[in-house]
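Colleague: Let me see the structure of the following:
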Amino acid sequence: MLNTKKQHRKEKQILRDEQQRLQEEKEAHLKKTYIPLEVVKVPIEPVLAQDYTLIPTQLDRQFEVVDEDGALCATIIKPGRTWKKKYYKSLLSEATDVTLSTDEQKTERNKAYDLLDALTKSGELSIDNATLHVLIASTHCFGETLMNTVVKENVNPIEKLEVSELVVASTIHQKTVTELLEENHSQRIRSITPKVIEYLK
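Modeller: Numbering: from 1, shown residues only. Okay, here's the model as predicted:
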């Protein structure tokens, strides 16, 4: 019985020595076969981001200079107190509508921020191919009714609205009017209001 135990311990020691030898041969083979790659750091150029919170102020400044009639003005959008949430309980289920109160909206917003924080590891990871939706409104006001504007004041309301849209688009997209328009339309707008073309260069 004693000899059997000694033989068993001896066999286990031989097995351990063989495993150690194989591990050392494997590590030596990996060192010979694979050459560590050199990490090359590529400089990343900073991307100039646009501050969307400044757009209303920029629009007001443009309106004061370009809008000769004073018809354009900023519009404040106030969402309703109750929102409607549409979601799917599972991939194959039908859409479900739920009305959210003010407190429930805060809860859902916090959930969305927590999910965003988890996905980006608190901002360590960037989100590529993301879309940001910003809602900005401006109102073009006419002093008369539509019919009186056309007949009584002899003003084409479509041309006035086109100029207003150009002022807004030029400010939001950070482009000149000539970049936004084709050549033939640029000449037409110049004939209507040259000030817009000259100022928004």
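
Colleague: so who does the spatially most central residue of the chain touch?
Modeller: Centroid-nearest residue in the chain, with C-alpha atoms, centre = their mean: Leu132, separated by 3.0 Å. Going by C-beta atoms under 8 Å, 6 or more residues apart in numbering, Leu132 touches Tyr52. To be clear about C-beta, it is placed using only N, CA and C from the backbone, and glycine gets the same treatment.

Colleague: doesn't it fall inside a strand?
Modeller: No. Going by DSSP: H, G, I helix; E, B strand; the rest coil, the assignment for Leu132 is coil, not a strand.

Colleague: measure it to Gln50 for me?
Modeller: In this view, Leu132 and Gln50 are 10 Å apart by C-beta to C-beta, to the nearest Å.

Colleague: Same question for Leu119.
Modeller: According to C-beta to C-beta, Leu119 stands 23 Å off from Gln50.

Colleague: where in the chain is pLDDT low?
Modeller: Within the chain, the segments meeting pLDDT under 70 span 1-12, 15, 26, 28-49, 195-201.

Colleague: ok, 90 please
Modeller: 1-80, 87-93, 116, 119-201 (pLDDT under 90).

Colleague: Sketch out the strands for it, chain order is fine.
Modeller: Taking DSSP state E, the strands of the chain run over residues 72-74, 83-88, 95-100, 138-140.

Colleague: so how far is Leu54 from the residue nearest to the centre of the chain?
Modeller: 15 Å.

Colleague: ok, now Leu125?
Modeller: From Leu125 over to Leu54 (counting by C-beta to C-beta), the distance is 27 Å.

Colleague: same check, this time on Ile172
Modeller: 11 Å.

Colleague: how many other residues sit next to Leu181?
Modeller: Leu181 has 18 neighbouring residues, counting by other C-beta atoms under 10 Å.

Colleague: let me redo that: Ile172
Modeller: That count, for Ile172 with other C-beta under 10 Å as the rule, works out to 15.
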